[in-house]
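1. give me the fold of what follows.
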Amino acid sequence: QARVIADLRPVGYVGTPSFLKLILEKCDELGVDSSSIKRALVSGEAFLPPVREFVRARGIDAYQAYGTADLGVIAYETAAREGLVVDEEVILEIVRPGTGDPVAAGEVGEVVVTPFNEDYPLVRFATGDLSAVLPGPSPCGRTNTRIKGWMGRADQTTKARGLFVHPEQVARVAERHGLGKARLVVGNDGGNDTLLLRVERDGPPDLALMQAVEATLRDVTKLRGEVHFVAAGSLPNDGKVIEDARKYD
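-> Numbering: from 1, shown residues only. Prediction:
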């Protein structure tokens, strides 16, 4: 793809922000000129600040769109870059997760959407994503409702490097090796998502077992990550199997 950019000199990019960063870094590694790309529409995952700054430093004017496969576009960024303006073809509500009850203005809750689509009717479709309504119209002049943007998941399902990771996958990794309590911590290092699986285990260090668990983690989630063994009883007793430690503001 880096070679294609060099040959065809595209002006725009559409895709996930992390993959745009990856392509640009590959172009640098290969000594390929990627300066033709001046605009980008990114979606499919959070547009994290380190990636946003990286893209901006490359002279690329990038905007994010928020949507789902079922609904299409739900909200989009404008030149004001203050939240996302809700698409005029949907009704968006912010509700308390698990209840369907609307929250107070500005409070974080689950995004629920009803689209005006006669061919594929959905009423109050719960996305599982968290966000909050911003007060007032956008400084760009758009007057429709604005949301803060993607602020995590209402459940523990988390997206990393463009792929969803589910709590049952974490449990499957631990069970395959006869291990106990496990907690997957998703972080971000310089714009790149990181996975750290912390597993409770007593006994001497076992490098072979650690490597085997890492291989299973990659097999089950399709993502690479590190595995750390911790003492039994040391993981928090908060019911969390997946912890999203990334910063979204």
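
2. burial measure for D101, as a count.
-> For D101, the tally of surrounding residues (other Cβ atoms under 10 Å) stands at 10. Where you see a C-beta, it was placed from the backbone N, CA and C, and this is true even at glycine.

3. which residues touch the residue most central in space within the chain?
-> In the chain, the residue lying closest to the centroid (Cα atoms, centre = their mean) is E45, at 3.7 Å. Residues near E45 by Cβ atoms under 8 Å, 6 or more residues apart in numbering: T16, P17, S18, K159, R161, G162.

4. mind redoing it with 6 Å?
-> T16, K159, G162 (Cβ atoms under 6 Å, 6 or more residues apart in numbering).

5. remind me which helix or strand it belongs to.
-> Using DSSP states H and E, E45 is not contained in any helix or strand.

6. measure how buried R218 is and give me the count.
-> Residues lying near R218 (other Cβ under 10 Å) number 14.

7. before we move on, which element is it in?
-> Assigned by DSSP H and E, R218 falls in helix 207-221.

8. how far does that helix sit from its chain's centre?
-> Offset of helix 207-221 from its chain centre (Cα atoms, centre = their mean, to the nearest Å): 23 Å.

9. in it, what counts as buried?
-> For helix 207-221, the neighbour count (16 or more other Cβ atoms under 10 Å) marks L209, M210, V213, E214, T216, L217, V220, T221 as buried.

10. what number of residues lie near V112?
-> V112: 19 surrounding residues under other Cβ under 10 Å.

11. again, but for the one 3 residues further on
-> When counting by other Cβ under 10 Å, one arrives at 20 neighbours for P115.

12. measure it to D87 for me?
-> 9 Å (Cβ to Cβ, to the nearest Å).

13. could you do A65 as well?
-> Taking Cβ to Cβ, one finds A65 at 9 Å from D87.

14. show me whatever sits in contact with both of these two.
-> By Cβ under 6 Å, 6+ apart, the residues touching both A65 and D87 are V73.

15. who's more crowded, the two?
-> Higher neighbour count among A65 and D87: D87, with 21 against 18, using other Cβ under 10 Å.

16. test my guess that the more buried one contacts V73.
-> Yes. Counting by Cβ atoms under 6 Å, V73 is a contact partner of D87 at 5.3 Å.

17. if we can go back for a sec, can I get the buried residues of helix 207-221 in JSON lines including pLDDT?
-> Shown next, in JSON lines, are these (pLDDT from 0 to 100):
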{"residue": "L209", "pLDDT": "96"}
{"residue": "M210", "pLDDT": "96"}
{"residue": "V213", "pLDDT": "97"}
{"residue": "E214", "pLDDT": "97"}
{"residue": "T216", "pLDDT": "97"}
{"residue": "L217", "pLDDT": "97"}
{"residue": "V220", "pLDDT": "97"}
{"residue": "T221", "pLDDT": "96"}
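
18. of all those residues, which two lie farthest apart?
-> Using Cβ to Cβ, the pair of the buried residues of helix 207-221 lying farthest apart is L209 and T221, separated by 18.3 Å.

19. quick one: the residue nearest to the centre of the chain and V165, what's the gap?
-> From E45 to V165 the distance is 12 Å (Cβ to Cβ).

20. what's the overlap in contacts for the two?
-> In contact with both E45 and V165: no residue, using Cβ under 6 Å, 6+ apart.

21. shouldn't V90 be in contact with V113?
-> Yes. V90 lies in contact with V113 (Cβ under 6 Å); the separation is 5.2 Å.
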